[in-house]
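K.L.:
what would the 3D arrangement of this be:
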Amino acid sequence: LATIIYTSGTTGRPKGCELTHGNFVELAVNAAAALPEVAHPGARTIMFLPLAHVFARFISVLCVTSGVTVAHTPDVKNLLPDLQSFRPSFILAVPRVFEKVYNSSMLKAEDAGKGRIFHDAADTAVGWSKASTAGRVPFLLACRHRLFDKLVY
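P.N.:
So this is what the prediction gives:
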């Protein structure tokens, strides 16, 4: 037994799930094989999820399995300067973290009168990601993405 992960009980009575070391290792080996462009020797990530979170524990085992350098930040309030100084090559987090970052950035841009450019940049990023995944980014979309990379991203 490696750990017992408990649910909060929001959908019923709280429950615990036993996870073994083998569970974590198998998950990490499979993830490393599926994500070689992310998890490889020389890659860098920063851990800001609490290690009480099962996803944070998975990331830790994945990094050990893959030879990834891991930094830890003790307080999410320092995340931006920590990201700037450590310069991770990838970040893994639960969707809620990315939602909070996006919503906070959007409100900040809108409050500064830059909501339109923010939304245009977000739409361009989504379009570029879809086109890139499909294997072909149209020239104008690539130009817009490069422009917003300098201005916004």
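K.L.:
report the buried residues of the host helix or strand of residue 17.
P.N.:
Under the criterion of DSSP states H and E, residue 17 resides in strand 16-19. For strand 16-19, a neighbour-count test (16 or more other C-beta atoms under 10 Å) marks residue 19 as buried. Where C-beta positions appear, they are placed from N, C-alpha and C, glycine not excepted.
K.L.:
who touches it?
P.N.:
Applying C-beta atoms under 8 Å, 6 or more residues apart in numbering, the contact partners of strand 16-19 are 1-7, 54.
K.L.:
show me how to select, in ChimeraX, the buried members of the residues you listed.
P.N.:
A single ChimeraX command is used to select the members of those judged buried by 16+ other C-beta under 10 Å:
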select :3,54
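K.L.:
now residue 19: how far from residue 52?
P.N.:
13 Å (C-beta to C-beta, to the nearest Å).
K.L.:
in this structure, which spans are helices?
P.N.:
21-34, 54-66, 79-86, 95-111, 115-134, 139-151 (DSSP state H).
K.L.:
possible to save those helices as TSV with mean pLDDT and distance to residue 13?
P.N.:
As requested, the helices of the chain are exported to TSV (pLDDT from 0 to 100; distance: least, C-beta to C-beta, whole Å):
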stretch	mean pLDDT	distance to residue 13
helix 21-34	93	23
helix 54-66	91	19
helix 79-86	88	34
helix 95-111	89	23
helix 115-134	95	39
helix 139-151	95	47
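K.L.:
most packed of those helices?
P.N.:
helix 54-66 (a mean of 19; mean count of other C-beta atoms under 10 Å).
K.L.:
with just CA atoms, put that one into CSV.
P.N.:
Output in CSV follows, covering the C-alpha atoms of helix 54-66 (Å, rounded to 0.1, in the frame of the first residue of the first chain):
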residue,chain,number,x,y,z
VAL,A,54,-3.2,12.2,-5.9
PHE,A,55,-2.3,14.0,-9.2
ALA,A,56,0.7,15.6,-7.6
ARG,A,57,1.9,12.3,-6.3
PHE,A,58,1.5,10.8,-9.8
ILE,A,59,3.5,13.7,-11.3
SER,A,60,6.3,13.1,-8.7
VAL,A,61,6.5,9.4,-9.6
LEU,A,62,6.4,10.2,-13.4
CYS,A,63,9.3,12.7,-13.0
VAL,A,64,11.4,10.1,-11.1
THR,A,65,10.6,7.5,-13.7
SER,A,66,11.5,9.8,-16.6
